[in-house]
Every structure is written in structure tokens, then in C-alpha cells.
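Dropping a prediction and its sequence here:
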Amino acid sequence: MVKLAAQLVPLKVDAEKEGKDLAAKYKVRAYPTIIFVDAGGDIFSRVLGYLPPEPFTAEMSKAIEAPKELAKLEATLKEKPDDGEANVRMALILVLRGKPAEAAEAAAKAEKAKVEGDQLGKAYNGIGDAYQSDNKLDEAIQFFTKADAAARNPEDQAHAKLWAMMCFRARGDMLTARRLAEEITVLQGAPEGYVNAAKRFLRQ
């Protein structure tokens, strides 16, 4: 961690005092939040809460390598704009950089190219998360629905269903919200936290 930190410029701010503007800009809603940005202020990675040294070191490594990956992806997409793998990886980066509309375009190209693996589901979940955080519920529901269909593992499926459930609840559509909650409770392999959240909602 110490060696990797030498490649970064650390800045610690109090999000309720001198860091209020930064917290608003980067939509910080939980503490601690660690954000890795480039010189222009665009996000490459975000860590919510405490992480032990090993996984935190992995996040640092990803953040340090991210600008190189972005440059490679841009070069690939300039030459092959419909490359499925490059587009889905670009979508994930654009979500982190707070550009959900551009991420959605890249994800759509990846879907059209019939990209395989679990990255497309993660990209659509990230886009849904971004729209939900801006209280754009219709857009969030659209992408959580896409994530649910594209997901290749139960964690991504459960995430899509749970947050779509929250959006429908916020819109007052309790029937659809309850249907999604019930789907989570019977989803094989769904993480316990998601299942418990769905069960709490159903008990209300």
C-alpha cells in the first residue's frame, strides 16, 4: 500500500466542512468514501467504507492502471467502434466517471455485438445506479431491467431486482415492487443481504 501510494496524491477532506463542494460533486453519501480521480477530476474508482489492506491495495492498483486501460480502449474503439469487449469495458469506466448516457451507448453496442460474460449486467446495473442516485427513476428502472436480463450471476440479478424494486416503491407501484421482492427471495445463490432486504420489504 505504501509503495503504491507514492504514485498517488492523497487528499483528505471533511465532507461536512471544507469538503462539502467536493462531496456534492462526487455524490458522496456514505463515510468513509475514497475516490480515485485523474488530473482532470474524472473518477476512475470509488471505494465505499473500510477495506482491509489486500483488497484496498487491489483497488489502488486498478486505479493506477485505469488511465492506461482507458487509452487502450479509446484506441481500440477508434479502429473498431463496434468491438463488443471494448465497448462493455468502456461502459464500466464511463459509469465510474459519472457519464451514464455515454455508458449506455457503449453498453448498447456491446449488447448488439452479443458480448459474453457478466460485464454487461454489471455495466447496466452501474448505469441504473447512476440514474437512481439522480432520482431519475424511469431511466433507472429501464437499465435495472436490462441488467436483470443480461446478468450471468445471481448477485448481479439480485442487485438489479432489488434496486428496481426500490424505484417502483418510490413511484408508488407496490404491486411490481412486491413481485420483484418475491423473485429475489427465491433466486438461487442470491446474496443474503439482498434476500433479507426483500423479505423486510415484504413484511411491511
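Alright, I've got the coordinates.

outside of stretch 102-114, which residues touch it?
By C-beta atoms under 8 Å, 6 or more residues apart in numbering, the surrounding residues in contact with stretch 102-114 are 81-85, 87-88, 90-92, 94-95, 119-120, 123-124, 126-127, 130, 143, 146, 150. The way it works is simple: take the backbone N, C-alpha and C, and place the C-beta from them, glycine included.

can you give me the helices in this structure?
Under the criterion DSSP state H, the chain contains helices at 2-5, 20-25, 53-79, 84-96, 100-112, 119-133, 137-150, 154-171, 174-185, 192-203.

What residues sit buried inside the last one?
Spelled out, that is helix 192-203. Across helix 192-203, burial judged by 16 or more other C-beta atoms under 10 Å covers 194-195, 197-198, 201.

export these to JSON lines and tack on pLDDT?
As requested, the buried residues of helix 192-203 are arranged in JSON lines below (pLDDT from 0 to 100):
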{"residue": "Tyr194", "pLDDT": "95"}
{"residue": "Val195", "pLDDT": "96"}
{"residue": "Ala197", "pLDDT": "95"}
{"residue": "Ala198", "pLDDT": "96"}
{"residue": "Phe201", "pLDDT": "95"}
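
want to try TSV for these, with distance to Asp21 as columns?
Shown next, in TSV, are the buried residues of helix 192-203 (distance: C-beta to C-beta, whole Å):
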residue	distance to Asp21
Tyr194	34
Val195	38
Ala197	32
Ala198	37
Phe201	35
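
Please report how far Leu175 lies from Leu202.
Separation of Leu175 from Leu202 (C-beta to C-beta, to the nearest Å) stands at 12 Å.
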